[in-house]
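1. Build me a structure from this.
(3 chains)
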Amino acid sequence: MIINHPLLGPRDAQEFTYLGDASLINRPDWTADDAGHQFYEYQYLRDNPAGEHRELWFHEQGDRSWLVVTRDTRTHIITNVELAPEFARKAGRSK
Amino acid sequence: MTQQNRLSGGLIDRSQPISFRFDGKTFQGFQGDTLASALLANDVRLMGRSFKYHRPRGVFTAGSEEPNALVELRSGARQEPNTRATVTELYEGLVAKSQNRWPSLALDIMGVNDLLSPFLSAGFYYKTFMWPKSFWEKIYEPIIRNAAGLGRLSKQADPDVYDKGFLHCDLLVVGSGPAGLAAALTAARAGASILLADEDFVAGGRLNAESFTLGDNTARQWVSETVEELSNLPNVRIMTRTSVIGAFDHGVYGAVERVSDHLAVPAQDKPRQILWRIYAKRTLLCAGATERSIGFANNDRPGIMLAGALRTYVNRWAVTPGQSVALFTNNDDGLRTATDLISNGVNVAAIVDTRPQGTPVQSTKHLFGAQIINTKGHLGLESIEVRTANGSTETIACTALGVSGGWNPNVHLTCHHRGRPAWDDTIASFVPDECPPGMSVAGAANGEMTTAAALTSGANSAVKALAELEISAKPADLPLAEDAPVKLTAFWHVQGGKGRAWLDLQNDVTVKDIALAHQENFRSVEHLKRYTTLGMATDQGKTSNVPALAVMAELCGKTIPETGTTIFRPPYTPVSMGVMAGRSRGRDFRPTRHTPSHKWAEERGAAFVETGMWLRAQWFAQPGETHWRESVDREVLATRKSVGVCDVTTLGKIDVQGTDSATFLNRIYCNGFAKLPVGKVRYGLMLREDGIAMDDGTTARLSENHFVMTTTTANAVGVFRHMEFCRQCLWPDMDVQLISTTEAWAQYAIAGPNARKLLRKIVDPEFDVSNEAFPFMACGDIKVCGGLRARLFRISFSGELAFELAVPTRYGDSLMRVLMEAGREFDVVAYGTEALGVMRIEKGHAAGNELNGTTTADNLGMGRMVSAKKDSIGATLSRREGLSRDDALKLVGFKPVDKTHALNAGAHFIASGNPTDAAHDEGYMTSVAYSPGLGHYIGLGYIKEGSKRLGETVRAVNPVADTNVDVEIVSPHFVDPDGERLRA
Amino acid sequence: MRYSGFRIIKEALTGHKGWEKAWRNPEPKPDYDFIVIGGGGHGLATAYYLAKEFGQSRIAVLEKGWIGGGNVGRNTTIVRSNYMLDGNEPFYEFSLKLWEGLEQDFNYNAMISQRGIINLYHSDPQRDAFTRRANAMLLNGADAELLNAAQLQKMCPFLDFDNARFPIKGGLLQRRGGTVRHDAVAWGYARGADLRGVDIIQNCEVTGFRITNGRVEGVETTRGYIGAKKIGCAVAGSSGRLMAGAGMRLPIESHVLQAFVSEGLKPVIPGVITFGAGHFYVSQSDKGGLVFGGDIDGYNTYAQRGNLPVVEDVCEGGMAIMPMIGRARLLRMWGGLMDMSMDGSPIIDKTPVDGLFFNGGWCYGGFKATPASGWCFAHLLATDKPHETATAYRFDRFEKGLMIDEKGVGAQPNLH
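-> Presented below is the predicted three-dimensional model:
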């Protein structure tokens, strides 16, 4: 596979390390009343779609960027790649 | 007489005769021959035995789809089993043996299987060999295993070198037949970067095998001119002997180039083969087509081959497989073989044409509406029995028979993304349908079966593919070529024949086997394949799949596309394991990382141990020490008595900078870091988000916004990745920057009561390292050896007064030498990982065996470190009920009740008096060591409620070694439990 | 019809006219007591044991394609019970014992071959971990031996003892481990179930569940609605897709594992060998092919095919321990979809929907589990209670913190 890195251009996926669903960005608030349950769902449950999947790849053999890649799990076709911090900020994450 | 079957002409160099050996007998051939063509030239028809029935077999094809003519090529460590004679280029001194026979090819005892064939029907083994139960492994299976298999491996290490390479191109053209050459020419003239790959050793594909003309010239002349033009263009790379084996995601293709297989041994410094990973913007598949056979009784005898292959031998290699040849065809292409034979002066005994009528081939016996119903000849074809249109039978003597059941487009690569081909009635075969993105197909591979159509579609497809890349091209001007329509009437197998009619030659699958599979309801294509083993042989069913599918369709009363197709998977042809591994083998399997003191340690004869990719000094044997324990005990005692030095560079080091660094670390570690003062080090425990301990280490605050973290050696990479995840994905607005400095700093532990004295000798005088100025857990930037910048940390893994001193890596070797020289007056020792391990166990520090990915802070006895007052990774989930049970495992120490007993890591704990079984298993020993100071073994381990059970005696059972030792549960701090030494 | 050597002789002499269908092709009935979704190894075994061991009838197996077409037909055929943790070892040992009597039980030769499985170790910490594991196996009544390098060299002289990047120090041997002819397992169970009245319905894809008031009543399929009192799902690889239809999110990701076979060779490898410092395991089939594999590709996928880097990585592992295989040829490679769970261990449990049961999350260890998985799932379906060896395989273990993590890598499926 080839991942089109937003900063570096097309790179072989072999340079990257895969983590999983980009929902791992949505870490729950530890002070919530049901924080335990929220963290359980966050950590363990997955949509695991057969189709478009937003997922986290780490450019371990490269510039160490975390990327959010949108890829179809049936065809492996990649339709979007963005830097994880930008994606995370859009998802409301800050400090 | 030698080469009695050699004709005139051909693409062989008669000025270069080659001698070679097959089954111990010497033969002659010419440069340009394959092993198969040279054997046929010498009238050798018998070349192999089939897998199951050990039927005598000869060459069936002229290419990589060969099911029969498999040999053991070369000898010694280079012996290569199952090598297809049809693609083995002849070289001087070639040695080949037939395989899967005993004692000889002509007399094979296992040929008895053929007589027993009624009992060996498809899948018979699933129905028997079950009684008595023990006989399967002891009797039946060994017999079956020895009878099965084909060729033999040498059982020696492969002596050749393999390489890997990466190539990029605008257009990858797979196949250099008429379509491929026309495409390459078109694209090359447009300036696109082209890779033209062909598995054959000469370009031209089918054009090398035909006698017809292209324009005013022979086909061969056009090929030569085209190849020459392409070769002279800088934007074209022609790769012969290169098989494109697989289509992977995003335009990545795997290809294997056989660099040296046409030589006796590879030239010096040359690899045998290269695996290319090709990144192609567009790919044009011009892989041609493969002929298929027809099922009829005893259609497997040596001398029977595909008609197109027979023609290839005649035209390309100037060889006729026999002096009297018959043909069996359902299409006009089969007739071309007859005319080419006749024009070469070979007797064509008969053409058996299944079609009811047509234009007869002149000057031969052309029987329309006829079928072959049997053949004769044990080790080679002698005659065929023909049923003519009027129902009469006739025996015709012949020593070779060409069979054509039509041609199947080579759609394989189009299916590698699991796309299925579509059925085309005009050629009665599957043609490409859904292709991987970026791939298109031209020529016979696309079902365009005439030379004219192949040329045109090649050129036009190239124009189209380049247009997608915004490169404008115009079709190359092409010569006038034959455009004869495919006149084929589908005919799959002869009905009412008496014997078995083979479909899969190598695996011995016959029409009857398909019928049995149908009868037993193994009707889906996948069931059919798996039950009968159809298409599972080394030829991957290239010549057999479609005819077998046709037979099943007929039995089911369905059409072929309704019955199904099978998906082709990589590799297109079998490839050596060696080339897939490349140079990553032996000591080069993975990189080796050396510590800064490696050379020094080597000079001292250190024993080394793998720690991940690192090689670390394990111990330093002194003269006279014969057992590793002597060395390790000495290193421990000397360190605890005076001072020792250990290279701890392999520990991960992460530089953390930025105004939010303290906040960041406070969330990474479960214990508090926000208020760590500048100039201080703190032990930190890091949890995974699931609450399990991930790693531990120390982090030093060098300045307000600058921290240096250490990780364990094993987790250095993973911890860094995790911290980058937290920084970039969870808290993107934090002002924190991370960089791994593991390789930037050489770091040494200097431990023992005289550590400070040793240190003082090398630390520049303006830096005060006294206990008052630089107490336990202090850190700072200093200078050593007269101005060399360094970092000093007062931390201790051994439990002694200890420092860790870091200098830029390029000074690491020197620093080791300086320390050892300066320490001479204190009898300094270097200690390795074993002594390090002994001392950390004596001190009760957890390491990899304890931080095994399933243990919590609570298990480690550090439950109270997990702060409830702040958010940190893993804190919330660490509080789940299953991770905070009252009877949880606790890390404690163990010592043998009888001090002479040894302990074993991996032993399980059973309470005294309880039976030795899983129900009473209470934990396990993680680490053990012989403590030279205490004079007995000690251990660390997890046991239920361990911290409440100090003083209790339990059994450490180790049934795998049949040992059982009574041990006392003790504090894990065997040495200096109050920490007086490390604060000294 | 009973299979035997005598039957083969009789049929051979009478033109093989008497062989019956291995299983029927029944039309689906309007409703059943039990529907098992998934005609793979686990689904077929479940139906077989429901009928044979738990005395149930009115059972159907629904398969979207052809039976045995999932992972039972595309694995590397290894059976073993060399697990370490309490939640796993009794279950896998139960499975191995069932394998040992399976052929006689279902009257089909699945070529169960206990030629042994060796896990190589290359360092002292690995040896310690294998010691712990071997002891756990022995305490659970399984067999285990630790071999040193000399013992290993006698057994496998072809391993690279002299020039290896990671020297081979020894191995954990389970002699009762081995291989099984994988397709035959599916066919044997199918035939055995069919003989006991189970309807095996191929080309029948479940497209949804009919759930009323929290209770499942039946399934919508490509061949119409079929009612059932209890429904068991055993579709590992596609679990996420199927269970989404019941409104469930699972602690599972779908990944691809590639597997490989070489051309047929005369015997060179005695049993199963697993490389401890790379990603490679290999055995030799009765037909002579080296059957081998390594790591999963590592990204979520439903594409049932992998990529080149892992192919290379696997072959590198092979060449690293057995440099004699350089001149053997890789014949075929393929991919299977894995239910990669969050702790590397499976789930056999009820779901929040009454009457709907789940079996999945087998990662790439499902094949060896086939008999016990079928037995335990049948037990759960028939009795509503987990079998004693499968009590740990619950959905709620993740929320409760009772993970069964053999590898100790945590909630990251692609690392298990």
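2. which residue is nearest the middle of the chain?
-> You didn't say which chain, so I picked chain A. residue A:56 (2.6 Å; Cα atoms, centre = their mean).
3. sorry, should have said chain B
-> residue B:580 (5.4 Å).
4. thinking it is in contact with residue C:310, fair?
-> No: applying Cβ atoms under 8 Å, one finds residue B:580 not in contact with residue C:310, separated by 10.8 Å. Backbone N, C-alpha and C define where each C-beta goes, glycine included.
5. Give me the three-state assignment for the residue nearest to the centre of chain B.
-> Of the three states, residue B:580 takes helix under DSSP: H, G, I helix; E, B strand; the rest coil.
6. what separates it from residue B:72, distance-wise?
-> 21 Å (Cβ to Cβ, to the nearest Å).
7. again, but for residue B:693
-> 55 Å.
8. now do residue B:772
-> For residue B:772, the distance to residue B:72 equals 79 Å [Cβ to Cβ].
9. neighbour count winner among the two?
-> residue B:72 (21 against 6; other Cβ atoms under 10 Å in any protein chain shown).
10. Now do the helix or strand in which that one is found: which elements does it pack against?
-> Using DSSP states H and E, residue B:72 falls within strand B:70-73. Secondary-structure packing of strand B:70-73 (3 or more Cβ pairs under 8 Å, 6 or more residues apart in numbering or on different chains; DSSP states H and E): strand B:80-84, strand B:95-98.
11. Name every strand pairing with that strand and say which way it goes.
-> Sheet pairing of strand B:70-73 (DSSP bridges) gives strand B:80-84 (antiparallel), strand B:95-98 (antiparallel).
12. Go through the very next helix or strand once past the shortest one and flag the buried ones.
-> Toward the C-terminus, strand B:95-98 is succeeded by helix B:112-115 as the next helix or strand (DSSP H and E). For helix B:112-115, a neighbour-count test (16 or more other Cβ atoms under 10 Å in any protein chain shown) marks B:113-114 as buried.
13. Show me what secondary structure element comes after helix B:112-115.
-> Of the helices and strands lying after helix B:112-115 in sequence (DSSP H and E), the nearest is helix B:135.
14. got a list of contacts for that following helix?
-> residue B:129 (Cβ atoms under 8 Å, 6 or more residues apart in numbering or on different chains).
15. what does stretch C:4-15 give?
-> In contact with stretch C:4-15 (Cβ under 8 Å, 6+ apart) are residues B:118-119, B:121, B:124, B:127-131, C:1, C:17-19.
16. Apply 10 Å and report the result again.
-> B:116-121, B:124-125, B:127-131, B:512, B:516, C:1, C:16-19, C:107 (Cβ atoms under 10 Å, 6 or more residues apart in numbering or on different chains).
17. Just the buried residues from those, in PyMOL please.
-> Those of the contacts of stretch C:4-15 that count as buried under 16+ other Cβ under 10 Å are selected in PyMOL with:
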select buried, (chain B and resi 117+118+120+121+124+125+127+128+129+130+512+516) or (chain C and resi 16+19+107)
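18. close to chain B, is stretch C:352-361?
-> No: legend: contact between stretch C:352-361 and chain B by Cβ under 10 Å from any Cβ of the partner chain is lacking; minimum distance shown is 16.2 Å.
19. give me phi/psi at residue C:396?
-> phi -80, psi 0 (degrees, to the nearest 10).
20. Pretty sure it sits against residue C:349.
-> Yes: assessed by Cβ atoms under 10 Å, residue C:396 is found in contact with residue C:349 at 8.2 Å.
21. measure the residue of chain A found nearest chain C to residue C:404 for me?
-> Using Cβ to the nearest Cβ, the single residue of chain A nearest to chain C is residue A:48, 3.6 Å away. Distance from residue A:48 to residue C:404, counting by Cβ to Cβ: 20 Å.
22. Looking at those two, which is more packed in?
-> Using other Cβ under 10 Å, the more surrounded residue of residue A:48 and residue C:404 is residue A:48, with 27 against 21.
23. Stretch B:738-757 near chain A at all?
-> Yes: judged by Cβ under 10 Å from any Cβ, stretch B:738-757 comes into contact with chain A at B:738-740.
24. Could you pull up the residues touching the residue of the stretch 51-200 of chain C at minimum distance from chain B?
-> With Cβ to the nearest Cβ, the shortest gap between the stretch 51-200 of chain C and chain B falls at residue C:131, namely 2.6 Å. Residues in contact with residue C:131 (Cβ under 10 Å, 6+ apart) are B:904-908, B:924-925, B:958, B:960-961, C:121, C:144, C:146, C:172.
25. try 8 Å this time
-> Contacts were defined as Cβ under 8 Å, 6+ apart; by that measure residue C:131 touches B:904-907, B:958, B:960-961, C:146.
26. and these as TSV, adding pLDDT and neighbour count?
-> Shown next, in TSV, are the contacts of residue C:131 (pLDDT from 0 to 100; neighbours: other Cβ atoms under 10 Å in any protein chain shown):
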residue	pLDDT	neighbour count
B:904	97	20
B:905	98	23
B:906	98	26
B:907	98	30
B:958	98	24
B:960	98	22
B:961	97	15
C:146	98	20
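27. Right, and chain A sits closest to which residue of chain C?
-> Counting by Cβ to the nearest Cβ, chain C gets nearest chain A through residue C:240, at 3.6 Å.
28. on that earlier part again, just the residues contacting the strand holding residue B:72, thanks.
-> By Cβ under 8 Å, 6+ apart, strand B:70-73 touches B:22, B:35, B:47-48, B:79-85, B:88, B:94-99, B:150-152, B:506, B:538.
29. Can I get the lengthiest helix in chain A as PDB, trimmed to CA atoms?
-> For chain A, the helix that runs over the most residues, judged by DSSP state H, is helix A:35-44. C-alpha atoms of helix A:35-44 as PDB (Å, rounded to 0.1, in the frame of the first residue of the first chain):
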ATOM      1  CA  ALA A  35     -16.000   7.500  33.200                       C
ATOM      2  CA  GLY A  36     -15.300   3.800  33.800                       C
ATOM      3  CA  HIS A  37     -17.900   2.700  31.300                       C
ATOM      4  CA  GLN A  38     -16.900   5.400  28.800                       C
ATOM      5  CA  PHE A  39     -13.300   4.400  29.000                       C
ATOM      6  CA  TYR A  40     -14.300   0.700  28.500                       C
ATOM      7  CA  GLU A  41     -16.200   1.500  25.300                       C
ATOM      8  CA  TYR A  42     -13.400   3.800  24.100                       C
ATOM      9  CA  GLN A  43     -10.700   1.300  24.700                       C
ATOM     10  CA  TYR A  44     -12.500  -2.000  23.700                       C
END
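30. How about the following helix or strand past it and chain B, touching?
-> Counting by DSSP H and E, the next helix or strand C-terminal to helix A:35-44 is strand A:52-58. Yes: using Cβ under 8 Å from any Cβ of the partner chain, strand A:52-58 reaches chain B at A:56, A:58.
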